[in-house]
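> Return a 3D structure for these sequence lines:
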Amino acid sequence: MRNPRAYRLYLIARFVLALPAWVVVAVYLVRVAKLDPLELVLMGTVLEAAVFAFEVPTGVVADLVSRRLSFAVGWLLQGGGWALAGATKNFELILLAWVIWGIGATFESGAFEAWITDEVGRENVGRVFLRGTQAAYFGGVVGLVASVGLATWNIRAAIFAAGGVTVGMGIAALLVFPETGFRPAPREGRSHGAAMLETTKSGVRLVGRAPALLLLVTTALFAGAASEGYDRLWEAHFLRDIGVPDLGGLDPLWWFAVLGIGTMVLGLFAVNAVARRLEGAAATRMATILVVLSAVQVAAMLGFAFASAFALAVAAVWIVGLARSLIRPVYSTWLNQAIDDSSVRATVNSIASQADAIGEVAGGPGVGAIGKALAIPAALVTSSLLLTPAVFLYARAVRNQGREPEFDELPQTVQAGA
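Numbers count the residues shown, from 1 in each chain. Below is the predicted model:
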């Protein structure tokens, strides 16, 4: 593998960045800030609107200037967003915090994946993404226990700690992360503005002419539409509709730690199974895995929406979290292996992330309005149905493998187990 130091730093970053526990800030918004279902979803929608506005421009910056600089700035901004969110109960300031966090996310997305792909090589990136997922599971377990423990003493302190950890990673990226595989997109005497525009066009053209990339960008749209409502409402569904049983007199926050740890422990075992199936995998194999995982996610989201018993709801949440966490490395592997022009790698990754953001902005407010007007379970059902087109698109990719030679032009190996 090229540049093993970059590989080790990538795993460390995935571990550290998983330490902040999103469930803590989600519970803070429900219990302390007292946001209603529509406000919870609007918060995410505003975040994704910021992502939509900045995603491709920041991806182009990563391709033209420096990928390391891009994701370092992203982590610094995300840490600032965490800190501001924990400092206030004011809805408007919380929205501002999430705009800052969203802009930071655009600097990271695309750039981080493109950086590690160039450092270790396309042929090795499948294994790297899967090992990164495992590192994130370990970090998530440690972070959940630490964050919930701190939050039971002072929930704002837990949110500030999350911001501090993320800012620390941004500083570390600037100081110690290598960048040896990056080759900036050529400017050829053009101004920065003209070079950015041309890089954007090149990325869009690549997506338009590569069936696999177009498929993946389209499925990101539906995945984003489905995720927004679920991400903002599942904790509220437990707290307001299902209820959580007593856990030895501990704060109910500990139940969310148990839920998160359960998902991660399951994932640690499941990642190895996925790695074996990805070894030497062609695009068809990756599409098949994504069909199965996406269908499981839809079924589990529906089960969670209709669950009245706490145990059934817990099982559904574990399955949803497991499916989503396994989809990410498979999706990223297929996407980055399908990009044959390294000079626009971050831009194409950003286009996929922007499609996800468009889906979240388009689907979020409607789902939130359904939750406020009817009930949270109705909003969760809507979210699950929004994901079903992605299942059919992946299935179509599998069916068309033998009839559309374009899919055969993709790189045919992913050294997931090497």
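> Quick check: chain neighbours aside, which residue is closest to Ala378?
Ile370 (5.3 Å; CB to CB, 6 or more residues apart in numbering). To be clear about C-beta, it is placed using only N, CA and C from the backbone, and glycine gets the same treatment.
> sorry, that was for Arg345
Leaving aside its chain neighbours, Arg345 sits nearest to Ala114 (4.0 Å; criterion: CB to CB, 6+ apart).
> tell me which element that neighbour is part of?
helix 111-120 (DSSP states H and E).
> moving C-terminal of the helix or strand harbouring Gly74, what's the next helix or strand?
Gly74 belongs to helix 67-86 when assigned by DSSP H and E. Next in sequence after helix 67-86, counting helices and strands by DSSP H and E, comes helix 91-108.
> In that next one, which residues have enough neighbours to count as buried?
In terms of neighbour count (16 or more other CB atoms under 10 Å), helix 91-108 has its buried residues at 91, 94-108.
> From the chain's centroid, how far away is the strand or helix carrying Val296?
In the assignment (DSSP H and E), Val296 maps to helix 283-306. Taking the mean of its C-alpha atoms, helix 283-306 sits 16 Å from the chain's own mean (CA atoms, centre = their mean, to the nearest Å).
> If we go by neighbour counts, what in that helix is buried?
Neighbour count says helix 283-306 has 283-298, 300-305 buried, by 16+ other CB under 10 Å.
> just to revisit the earlier point, for the helix holding Gly74, what is the distance to the chain centroid?
Computed by CA atoms, centre = their mean, the chain-centroid distance of helix 67-86 equals 15 Å.
> Report all helices and strands that that helix contacts.
Judged by 3 or more CB pairs under 8 Å, 6 or more residues apart in numbering; DSSP states H and E, the packing partners of helix 67-86 are helix 22-31, helix 37-64, helix 91-108, helix 111-120, helix 155-176.
> can you tell me which of these comes nearest to Val148?
Evaluated over the helices and strands packed on helix 67-86, closeness to Val148 peaks at helix 22-31, with 6.7 Å, by CB to CB.
> any idea of the mean pLDDT in the closest one?
If you average the pLDDT over helix 22-31, you get 79.
> start at 429 instead
Yep, numbering from 429; the last one is helix 450-459 now.
> Could you look up the SS state of Pro448?
Secondary structure, DSSP: H, G, I helix; E, B strand; the rest coil: Pro448 is coil.
> That one touches Trp510, doesn't it?
Yes: Pro448 lies in contact with Trp510 (CB atoms under 8 Å); the separation is 6.6 Å.
> Give me the most central residue, the protein.
Nearest residue to the geometric centre of the chain (CA atoms, centre = their mean): Arg756, 7.1 Å.
> Now for Pro448 and Trp510: what residues contact both?
590-591, 594 (CB atoms under 8 Å, 6 or more residues apart in numbering).
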